[in-house]
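S.K.: this one's sequence-less:
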């Protein structure tokens, strides 16, 4: 073994021993702390003067990245397709509520007026959550029993009376 290899091996061995000692010290310190003993960890280690000398070996040569795993990253189009409910068991979906046309299936919501504003009903939020839960389990929401507990609606959703439909992403 050449001198540089021996130096590197010696450095790694000392580093591993320091890590093990630190872990053991942490275990002991945590037990002391739980027992109510106040320990100053700075007094346990020698004071390090900064900056360290130029001969201090770098740790970066000891770290190697493992590139054996490949992770798929969705494109923007694929991400938007998932959020629009393209997949039947997707964890997200979107719902469009259109009250601007009297022929729309959501036109009845224009009758839900509170303080002069057309609001999305609070029970509608529950139905949206119920449908999404059923969709994620591959079932019809009429066939999926649910119970809601401690439901809090923090803000009402005002529906636009004209223009574009409201799109909710769940």
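M.R.: Noted; the coordinates are in hand. Model, not experiment: these values are computed from the prediction.
S.K.: Model confidence for residue 128, exactly?
M.R.: Looking at residue 128, its pLDDT reads 82.
S.K.: quick one, phi/psi of it?
M.R.: Phi and psi for residue 128, reported as degrees, to the nearest 10, are phi -60, psi -40.
S.K.: From what I see, it and residue 96 are in contact.
M.R.: No: with contact defined as C-beta atoms under 8 Å, residue 128 does not count as touching residue 96 (11.8 Å). Quick note: C-beta positions are derived from backbone N, CA and C, even for glycine.
S.K.: The two: which has the busier surroundings?
M.R.: residue 128 (17 against 12; other C-beta atoms under 10 Å).
S.K.: quick one: that one and residue 42, what's the gap?
M.R.: To residue 42, residue 128 is 55 Å away according to C-beta to C-beta, to the nearest Å.
S.K.: now swap in residue 131 and tell me
M.R.: Separation of residue 131 from residue 42 (C-beta to C-beta): 57 Å.
S.K.: Break this protein into its domains for me.
M.R.: 3-51, 76-169 (automatic domain parsing).
S.K.: Could you tell me the least trusted of these?
M.R.: Among these, domain 3-51 scores lowest, with a mean of 67.
S.K.: Could you look up the SS state of residue 153?
M.R.: Using DSSP: H, G, I helix; E, B strand; the rest coil, the structure places residue 153 in coil.
S.K.: quick one: residue 50 from residue 56, how far?
M.R.: Residue 50 is 11 Å from residue 56, by C-beta to C-beta.
S.K.: ignore the last one, residue 43
M.R.: 23 Å.
S.K.: cool, residue 16 as well?
M.R.: 17 Å.
S.K.: what does residue 62 give?
M.R.: From residue 62 to residue 56 the distance is 13 Å (C-beta to C-beta).
S.K.: Likewise for residue 14?
M.R.: On the measure of C-beta to C-beta, residue 14 and residue 56 end up 12 Å apart.
S.K.: same check, this time on residue 157
M.R.: 60 Å.
S.K.: Please apply the same query to residue 44.
M.R.: Taking C-beta to C-beta, one finds residue 44 at 21 Å from residue 56.
S.K.: Residue 99 too?
M.R.: Residue 99 is 69 Å from residue 56, by C-beta to C-beta.
S.K.: quick one: which of those two has more around it?
M.R.: Neighbour count, other C-beta under 10 Å: between residue 99 and residue 56, residue 99 has more, with 21 against 8.
S.K.: and the more buried one, what are its phi and psi?
M.R.: phi -110, psi 0.
S.K.: Alright, calling it a day.
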